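S.K.: next input, structure requested:
(one chain, ligands or ions: 2)
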Amino acid sequence: MSTDNSMPKQTMLAALLTEYRMPLEIKTVPRPVPKHDEVLVKIEASGVCFTDVHIWRGDHAAPDPLPLIMGHEGVGTVVALGSASGRLKIGDRVGIGYVFGACGHCKECLTGGENYCGEFDATGFNVSGCFAEYVCMRHEWANPIPDGIDAIEAAPLMCAGAAAYSSFKKTSVQPGETLAIFGLGGLGQYAVQIAKLCGVRVIAVDISPDKLNTAKELGADEVVHADEQAGAAIKALGGADGCVNFAPVGATWPLMLAACNPRAKIVLTAVPADQMAFYAHEVIERGLQVIGSSASNRQEMNEILALADGGKVKGIINPRPFNKINDALSDLIDGTVEGRSVLTFD
Ligand SMILES: [Zn+2]
Ligand SMILES: [Zn+2]
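M.R.: Ligands and ions are numbered 1, 2, ... in the order given. Next up, the predicted model:
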């Protein structure tokens, strides 16, 4: 391992999940040492994601015994290199996302689907994540952060922004066509801006008037209240050539089916707790396609970073000091956060 003169300290503060559904414990722990293809990153900003809530609750039990350092929306600076850390050098600004690494040789990995690799490791789940002063990451999985983006803005792009972008791409909507975006939380807000940058007409759909107002401010052409008439209302506006669902409820499904024009694609990103049922004829007769979307690949992360460079895609960010991490988690659980919560480190 080689380092610059400002040697990173040997210990670090980290927020430890020591017991499911209990407050994280902020403790001093040994600072990790980068293995051969890894680099050590000093974290500047770390986004808090609803996936962290699922992990915190124990919805998906962590593969190793607790404690666990969660967090997979990190941005920071490379401060130490492993022996084979590739093109990265000390001082590089990098982003850390959900995929820590994948096998690299399966069909999915070889065709841009590394986030669907059966053997991928998740940051902040299979390996230690970004709710700490330092994290190790594999150099091949580091996304360079353009200079024009603040760490606080960039951190949620590494998961939420990139997932919204990947979902948008899967709708295949073209300039001039209409995309209906269901659920105007953090991902929906990113998707509105991405779609507008790509010349797409946007109909925003949500139950919250406040969120619909925000969607308008972000560029949505039309807003529709997500009641039972929403599908008909979208049809009256010309129908949707694509739909994307960021609302974790099954109730949007019949609305999307009703809103679609022939051969539209419906992209499902949020995961409803309940099963969804439908009459297959509605999909078959109109040639609809239903596509799942989870996380993103590295190229999509680079593309959303390029779109966001210079402030063209901006999140609604709630910054919090790292030591307030438990407040950030509980606000997320209570649903009182608009946009994304980001922890700051000084
Ligand atoms: Zn996430
Ligand atoms: Zn693979």
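S.K.: which bits of this structure sit near ligand 2?
M.R.: 102-103, 106, 109, 117 (C-beta under 5 Å from the ion). For the C-beta atoms, the positions are set from N, CA and C on the backbone; glycine is no exception.
S.K.: hmm, who's touching stretch 218-230?
M.R.: 180-182, 189, 192-193, 196, 201-207, 209, 212-213, 215-216, 233-234, 237, 247, 251-252, 255, 258-259 (C-beta atoms under 8 Å, 6 or more residues apart in numbering).
S.K.: could you do stretch 196-213 as well?
M.R.: With C-beta under 8 Å, 6+ apart, stretch 196-213 has contacts from 168, 173-185, 188, 192, 195, 215-216, 218-227, 230, 234, 237, 240, 247, 252, 255, 307, 312-313, 338.
S.K.: going through the residues you listed, which ones are buried?
M.R.: 168, 173, 177-185, 188, 192, 195, 215-216, 218, 220-224, 226, 230, 234, 237, 240, 247, 252, 255, 307, 313, 338 (16 or more other C-beta atoms under 10 Å).
S.K.: out of the contacts of stretch 218-230, which are inside strands?
M.R.: Among the contacts of stretch 218-230, the members found in strands (DSSP state E) are 180-182, 201-206.
S.K.: now, the most widely separated pair of these?
M.R.: 201 and 206 (17.3 Å; C-beta to C-beta).
S.K.: who's more crowded, the two?
M.R.: Between residue 201 and residue 206, counting by other C-beta atoms under 10 Å, residue 206 is the more crowded of the two (25 against 20).
S.K.: tell me which parts of the stretch 51-200 of the chain are close to ligand 1?
M.R.: Counting by C-beta under 5 Å from the ion, the stretch 51-200 of the chain sits next to ligand 1 at 51, 159.
S.K.: mind listing the helices for the stretch 51-200 of the chain?
M.R.: 107-110, 151-156, 162-171, 186-197 (DSSP state H, counting those that start in this stretch).
S.K.: can I get those in a markdown table with mean pLDDT?
M.R.: Formatted as a markdown table, these follow (pLDDT from 0 to 100):
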| stretch | mean pLDDT |
| --- | --- |
| helix 107-110 | 97 |
| helix 151-156 | 97 |
| helix 162-171 | 98 |
| helix 186-197 | 97 |
